[in-house]
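Q: Below are the sequence and a predicted model for it; my questions follow.
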Amino acid sequence: MEIISKEAAQQIVDTVKDVCSQNINFIDEKGMILASTDPARISTFHQIGYEAVKRGETIEVTDDDSFFGTKRGINIPITYNGKIIAVIGISGAVEEVRKYAYLAQKITDILLKERELESLGAQKKNRLNYVIRCLINRENMNTAYLSDTLKENGLSEDTLCRVVIVRLNVRYNPNNLFMIQSAITQAFAQMNCSFYRYNYPNEYILIIEKERLEKNRHILKRLADTYEKVLCIGVGSVSTVMAGAASYD
């Protein structure tokens, strides 16, 4: 699985070069240069970078002739989940470029963490979409998978809930539709509710605990009043999470 794309690697080397004005190479675990500030180096083999991967340690080169095809500089491994996935090499006098190598390492770490959070967020949303669809359509699903998803969202199979439908008027197509959609999700966030899905093209389905809805009904009312020409909100009867289809109907 690709952990860092060529585009992301190129962004990293370009960013670091803006700071230090040195040539930077982003080398994969096989020693091939994935991205570089010197386009001619891309897709070529970097011997010292490969050595850094094999040794699992930073290698500093003080002379241009120390390794074939390698200039003096520093080559620092990048790890992800305990495994070396790449090496960043910066050309130049070691004492001058060492701090920039650690900067490049830090930038890459931040990028990897951001991508991981984005991936986890997408996975969570996909799970919610699947579980809510199964509940309102009375589709069978794995019991353990359902229980885990409910628990992650502070619910259980016996929790008394209501289904809330927020439906946009498909005949009304304002230029600020994105702003209205953002207002809907912000209202859910204010109610501290994450158990919802978006049904394309015009419907949001929220499953919310009975007591939480009562405490936060004013938020939904304000949303409905603000966008009365654009959306309507419906609230289903009280039921357990497992009987969500009855509340949705």
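A: Structure received.

Q: Quick one: distance of the helix or strand hosting Glu51 to the chain centre.
A: Taking DSSP states H and E as the criterion, Glu51 maps to helix 47-55. Relative to the centre of its chain, helix 47-55 is centred 30 Å away, using C-alpha atoms, centre = their mean, to the nearest Å.

Q: Next: stretch 16-28.
A: On the basis of C-alpha atoms, centre = their mean, stretch 16-28 sits 26 Å off its chain's mean C-alpha point.

Q: Report the buried residues of that stretch.
A: 16-17, 20, 22-28 (16 or more other C-beta atoms under 10 Å). The way it works is simple: take the backbone N, C-alpha and C, and place the C-beta from them, glycine included.

Q: Against which helices or strands is the helix or strand of the chain at the bottom of the mean pLDDT ranking packed?
A: When each helix and strand of the chain is scored by mean pLDDT, DSSP states H and E, helix 244-248 comes last, with a mean of 72. Applying 3 or more C-beta pairs under 8 Å, 6 or more residues apart in numbering; DSSP states H and E, one finds that helix 244-248 makes contact with helix 94-137, strand 160-168.

Q: Skipping its backbone neighbours, what lies nearest Gly31 in space?
A: Excluding the flanking residues, the one nearest Gly31 by C-beta to C-beta, 6 or more residues apart in numbering is Tyr50, at 2.9 Å.

Q: Count the neighbours of the one you found for me.
A: Residues near Tyr50, counting by other C-beta atoms under 10 Å, number 19.

Q: And for Thr149?
A: 19.

Q: May I have the residues that are in contact with it?
A: Neighbour list for Thr149: 127-128, 131 [criterion: C-beta atoms under 8 Å, 6 or more residues apart in numbering].

Q: Let me know the pLDDT of Arg138.
A: At Arg138, the model reports a pLDDT of 86.

Q: Equivalent analysis for Ile59, please.
A: Note for Ile59: predicted pLDDT of 91.

Q: Report the beta-bridge partners for it.
A: Asn75 (DSSP bridges).

Q: ok, it - contacts?
A: Counted by C-beta under 8 Å, 6+ apart, Ile59 has contacts 48, 51-52, 74-75.

Q: swap the cut-off to 7 Å and go again
A: Ile59 makes contact with 48, 51-52, 75, according to C-beta atoms under 7 Å, 6 or more residues apart in numbering.

Q: Which of those residues are buried? Put it as a ChimeraX command.
A: Filtering those down to the buried ones (16+ other C-beta under 10 Å) takes a single ChimeraX command:
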select :48,51,52,75
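
Q: can I get the contacts of Ile59 in a markdown table with distance to Asn216 and pLDDT?
A: Below are the contacts of Ile59 laid out as a markdown table (distance: C-beta to C-beta, whole Å; pLDDT from 0 to 100):
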| residue | distance to Asn216 | pLDDT |
| --- | --- | --- |
| Ile48 | 60 | 89 |
| Glu51 | 60 | 91 |
| Ala52 | 55 | 91 |
| Asn75 | 55 | 92 |
